[in-house]
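Asker: fold the following, please.
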Amino acid sequence: MKQFFKYVFATIVGIVLLFSVGMLLMFASVIGMTMSGSSKTIQKNSVLVMKLSGSMSERNESNPLSGFIGGSMTESFSLEDAINAIQNAKENKNVKGIYLEGGEITGASPAMLQELRDNLEDFKKSGKFIVSYADTYGQGAYYLCSVADSVVINPYGMLEWKGLGGSIVYYKKLMDKLGVKSRVFKVGTYKSAVEPYMLDGMSDENREQMTVYYGEIWKQMLDDVAASRKVPADKLNQLADSGMLFAESADYKKNKLIDKTAYSDDVKRMISYMMGVDDVDDYNTVTVEEMANASSSKAKDSSGNIIAVYYAYGNIVEEKTNSLSSSGSIVSKDVCRDLEKLAENDNVKAVVLRVNSGGGSAYASEQIWHQVMKIKSKKPVVVSMGGMAASGGYYISSPADWIVAEPTTLTGSIGIFGLFPDMSELVSNKLGLKFETVKTNKYADITNGLTGFRTLDDDEAALMQKYINNGYELFTKRVADGRKKSKDYIKSIAEGRVWTGEHAKKIGLVDQLGGLDDAIEMAMTKAGVGKCSIMTYPSKASMFENLLSSVSTGTYADAKLKETFGEYYDVINNLRTVMARGNVQAALPYEMIFDF
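Answerer: Residues are numbered from 1 along each chain as shown. Predicted structure coming up:
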């Protein structure tokens with residue numbers, strides 16, 4: 001028996017020691033990753049290397065422990081870091097140029113790509129070079145790389161240039177098989193967010209609006225690439241129909257899509273030649289993360305003035321849900337608390353609200369709208385629209401003093417809907433459950449209808465439609481007041497219709513076309529400050545907070561789903577998150593996929 005306990009004790013000690021060593025190694029890795037993101041002094045003869053592959057997000061909130069809990073270790077980068085890196089590289093005298101490594105980009109919207117491309121264009125004004133190389137250029141990556149002074153591809157590489165498309169997943173037949181129906185109440189002919197739950201395919205109205213804005217986005221991409229590559233836009237459009245992905249590299253060069261073919265080591269020698277150094281070992285490389293966090297060469301501002309840039313992206317919800325969706329969450333109570341602090345901070349002279357959202361809960365959107373109005377009463381508020389600021393995303397943007405959007409931003413979608421499950425067939429016929437009700441008043445058991453255990457009757461449905469109508473009236477009033485236009489005019493361009501930023505400017509929903517820098521410049525103008533510090537909010541999660549969140553319920557399962565389904569994870573996740581936004585929603589369909 002003593003021997004038994006001895007072996008058991010030894011085993012326990014071994015397990016504890018093994019666990020302790022594992023934890024030490026894990027924390028050492030975390031500390032190493034954390035230190036790698038700290039401020040760095042850039043050495044002479046440096047080149048910024050930007051890897052244009054993997055998942056692209058609005059802001060980098062990756063969990064450094066994801067690899068230890070079963071998460072994907074695939075490449076990812078954020079628009080925020082990429083832009084900061086480019087701007088720092090432009091100002092840093094030790095950085096001589098940028099090397100773009102093309103690939104496949106997922107998760108990016110056209111407007112995000114356009115803003116990144118505009119910053120690359122601005123970088124070239126410094127007189128520094130940009131070189132790009134890839135074995136395979138995805139269309140999104142090529143759109144960015146086309147700005148380079150020299151576009152190079154592997155002699156046997158592939159280049160994707162095929163036009164723009166998008167998909168919406170429809171769930172109705174699946175739900176029919178499960179015995180679940182969707183009871184939908186909406187206002188807005190073009191309010192397409194509910195279609196996947198009530199139709200087998202796309203409505204004529206939705207096909208019309210998608211055809212229009214996809215066409216406008218593609219035209220912008222054609223014009224941008226045409227200007228950089230000195231190829232007529234009509235010619236580029238013809239090439240998109242010629243199956244360029246399967247063409248030979250000689251055809252890419254013949255049609256001026258690239259400048260030359262070479263292998264990666266040849267490109268390194270090309271860069272050394274452009275830098276005026278003798279060998280590839282004579283120049284240094286710096287990553288996006290390192291460059292984004294590099295010590296700035298600009299003089300530090302001592303005015304005490306702050307322009308606050310507040311990032312609001314993802315689903316608009318009342319409470320935070322346990323999900324790893326790449327689109328993130330705009331949690332109304334958290335955002336309102338943060339915005340209230342910015343309003344009370346006398347050093348903050350203006351707030352730039354960076355919105356990248358297709359909306360969500362109508363109630364949560366109203367709460368954020370209210371807080372934006374409170375800030376506006378004290379200091380200027382400027383909105384910078386990212387990939388999309390539609391429906392609830394436009395709702396929270398509408399009270400701003402000034403709205404800036406990229407030409408390819410998706411915005412508008414001024415409409416509202418209620419989505420309620422009807423599981424009565426599943427519950428009664430397939431599960432064999434029977435509900436008997438006793439009530440004192442007519443609507444005493446309406447909750448059973450709203451939660452889907454029985455079908456709403458006609459009177460209840462009429463009440464719900466009236467409630468949705470009232471929500472639409474409030475939405476259009478908010479927009480009319482914010483944009484200083486009549487409610488009738490807003491209704492004429494509302495109806496849930498989605499517009500590009502360029503179109504939205506023509507109809508008065510947007511004031512200016514441009515990116516985040518343009519919005520910051522306008523905020524400074526409206527605040528009347530010449531010098532200031534640009535501070536970003538909310539602050540990113542600490543290492544300890546990431547550690548705690550990494551072990552939260554459902555994280556491992558979500559990580560595995562995300563790893564398995566890749567860019568289609570949001571489609572699968574949509575069935576869960578759609579209800580997290582609340583039954584009454586001002587939302588765009590999040591399952592939309594841009595096929596670059």
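Asker: hmm, L199 and S182 touching each other?
Answerer: No: the criterion here is Cβ atoms under 8 Å, and S182 misses it with L199 at 10.0 Å. Using the backbone N, CA and C atoms, a C-beta is placed for each residue, glycine as well.
Asker: tell me, what's touching those two both at once?
Answerer: When contacts are counted by Cβ atoms under 8 Å, 6 or more residues apart in numbering, S182 and L199 are jointly contacted by K172.
Asker: OK, contacts around N429?
Answerer: Contacts of N429 by Cβ under 8 Å, 6+ apart are G179.
Asker: gap between it and M423?
Answerer: Separation of N429 from M423 (Cβ to Cβ, to the nearest Å) stands at 11 Å.
Asker: repeat for G304
Answerer: Counting by Cβ to Cβ - G304 and M423 are separated by 58 Å.
Asker: again with E318
Answerer: 23 Å.
Asker: more neighbours: which of those two?
Answerer: Neighbour count, other Cβ atoms under 10 Å: between E318 and M423, M423 has more, with 20 against 17.
Asker: got a pLDDT number for that one?
Answerer: For M423, the pLDDT comes out at 85.
Asker: over to S325?
Answerer: In this prediction S325 is given a pLDDT of 45.
Asker: F27 too?
Answerer: Confidence score, pLDDT, at F27: 50.
Asker: please apply the same query to V169.
Answerer: With respect to pLDDT, V169 scores 83.
Asker: give me the element it is part of.
Answerer: V169 is located outside every helix and strand, with elements delineated by DSSP states H and E.
Asker: the one 5 residues further on now?
Answerer: For L174, the element it lies in under DSSP H and E is helix 172-178.
Asker: what does M291 give?
Answerer: Assigned by DSSP H and E, M291 falls in helix 288-292.
Asker: pLDDT of the helix or strand just after that helix, averaged?
Answerer: Per DSSP H and E, the first helix or strand lying C-terminal to helix 288-292 is strand 306-313. For strand 306-313, mean pLDDT rounds to 97.
Asker: stretch 200-211 too?
Answerer: Stretch 200-211 comes out at a mean pLDDT of 90.
Asker: list the buried residues in that stretch.
Answerer: By 16 or more other Cβ atoms under 10 Å, the buried positions in stretch 200-211 come out as E205, N206, Q209, M210.
Asker: out of these, who's nearest V49?
Answerer: The closest of the buried residues of stretch 200-211 to V49 turns out to be M210 (Cβ to Cβ; 36.6 Å).
Asker: is it fair to say the closest one lies in a helix?
Answerer: Yes: the assignment for M210 is a helix, going by DSSP: H, G, I helix; E, B strand; the rest coil.
Asker: my guess is it meets G166, correct?
Answerer: Yes: using Cβ under 8 Å, M210 is in contact with G166, at 6.8 Å.
Asker: buried ones in stretch 153-166, by neighbour count?
Answerer: Across stretch 153-166, burial judged by 16+ other Cβ under 10 Å covers I153, N154, G157, M158, L159, E160, W161, L164.
Asker: just stretch 332-339 next, same as before
Answerer: Quick answer for stretch 332-339 (16+ other Cβ under 10 Å): S332, V335, C336, D338, L339.
Asker: hmm, back to that, can you name the two of the buried residues of stretch 153-166 that sit furthest apart?
Answerer: N154 and L164 (25.0 Å).
Asker: who touches both of N429 and M423?
Answerer: Taking Cβ under 8 Å, 6+ apart as the contact rule, N429 and M423 both touch G179.
Asker: what's the domain layout of this protein?
Answerer: Here the domain parsing of the chain from automatic domain parsing is 1-36, 42-162+243-292, 167-203+299-588.
Asker: let's have those in CSV, adding distance to R229.
Answerer: As requested, these are exported to CSV (distance: least, Cβ to Cβ, whole Å):
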stretch, distance to R229
domain 1-36, 36
domain 42-162+243-292, 5
domain 167-203+299-588, 19
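Asker: any idea which of the ones you listed scores lowest on pLDDT?
Answerer: Note on the domains of the chain: lowest mean pLDDT is at domain 1-36, with a mean of 49.
Asker: for the stretch 401-550 of the chain, which segments count as helices?
Answerer: 424-425, 446-450, 458-483, 487-493, 501-506, 516-527, 543-550 (DSSP state H, counting those that start in this stretch).
Asker: turn those into JSON lines, including distance to Q220 and mean neighbour count.
Answerer: As requested, the helices of the stretch 401-550 of the chain are arranged in JSON lines below (distance: least, Cβ to Cβ, whole Å; neighbours: other Cβ atoms under 10 Å):
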{"stretch": "helix 424-425", "distance to Q220": "47", "mean neighbour count": "18"}
{"stretch": "helix 446-450", "distance to Q220": "43", "mean neighbour count": "16"}
{"stretch": "helix 458-483", "distance to Q220": "24", "mean neighbour count": "17"}
{"stretch": "helix 487-493", "distance to Q220": "21", "mean neighbour count": "15"}
{"stretch": "helix 501-506", "distance to Q220": "7", "mean neighbour count": "21"}
{"stretch": "helix 516-527", "distance to Q220": "16", "mean neighbour count": "20"}
{"stretch": "helix 543-550", "distance to Q220": "37", "mean neighbour count": "14"}
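Asker: out of the ones you listed, which is closest to L353?
Answerer: helix 516-527 (8.7 Å).
Asker: what angle separates that closest one from strand 306-313?
Answerer: Helix 516-527 runs at 130 degrees relative to strand 306-313, counting by axes from the mean of the first three to the mean of the last three Cα atoms, to 10 degrees.
Asker: ok now helix 516-527, how far from the chain's centre?
Answerer: Relative to the chain's own centre, helix 516-527 is displaced by 22 Å; criterion: Cα atoms, centre = their mean, to the nearest Å.
Asker: contact partners of it?
Answerer: Contacts for helix 516-527 (Cβ under 8 Å, 6+ apart): 83, 115, 305, 307, 309, 349-352, 354, 379-380, 382-384, 401-402, 404, 512, 530, 532, 534.
Asker: quick one: D401 from G514, how far?
Answerer: 15 Å.
Asker: wait, A462
Answerer: 46 Å.
Asker: the closest residue to K320 other than its chain neighbours: neighbouring residues, count only.
Answerer: Counting by Cβ to Cβ, 6 or more residues apart in numbering, V331 is the residue found nearest to K320 once chain neighbours are left out, at 4.8 Å. Counted with other Cβ under 10 Å, the neighbours of V331 add up to 22.
Asker: beta partners of V331?
Answerer: V317 (DSSP bridges).
Asker: isn't it up against Y313?
Answerer: No: counting by Cβ under 8 Å, V331 does not reach Y313; the two are 11.6 Å apart.
Asker: mind jotting down where the strands sit in the stretch 151-300 of the chain?
Answerer: Ranges of strands in the stretch 151-300 of the chain, per DSSP state E, counting those that start in this stretch, are 165-167, 181-187, 260-261, 284-287.
Asker: among those, which is nearest S55?
Answerer: strand 284-287 (16.5 Å).
Asker: what lines up beside the closest one in the sheet?
Answerer: Strand 284-287 is paired, per DSSP bridges, with strand 46-51 (parallel).
Asker: centre of the chain versus the strand it pairs with, how much separation?
Answerer: With Cα atoms, centre = their mean, you get 23 Å for strand 46-51.
Asker: what do you get for stretch 124-137?
Answerer: With Cα atoms, centre = their mean, you get 25 Å for stretch 124-137.
Asker: C-alpha coordinates for it, CSV please?
Answerer: Only the C-alpha atoms of stretch 124-137 are listed here, as CSV (Å, rounded to 0.1, in the frame of the first residue of the first chain):
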residue,chain,number,x,y,z
LYS,A,124,5.0,57.1,-52.6
LYS,A,125,4.8,60.9,-52.3
SER,A,126,7.8,60.7,-50.0
GLY,A,127,9.9,59.5,-53.0
LYS,A,128,10.5,56.1,-51.4
PHE,A,129,9.9,52.9,-53.4
ILE,A,130,7.3,50.2,-53.2
VAL,A,131,8.0,46.7,-54.7
SER,A,132,5.5,43.8,-54.7
TYR,A,133,6.1,40.1,-55.3
ALA,A,134,3.9,37.0,-55.1
ASP,A,135,3.7,33.4,-56.2
THR,A,136,-0.1,34.0,-56.4
TYR,A,137,-1.9,37.3,-56.3
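Asker: appreciated, that's everything.
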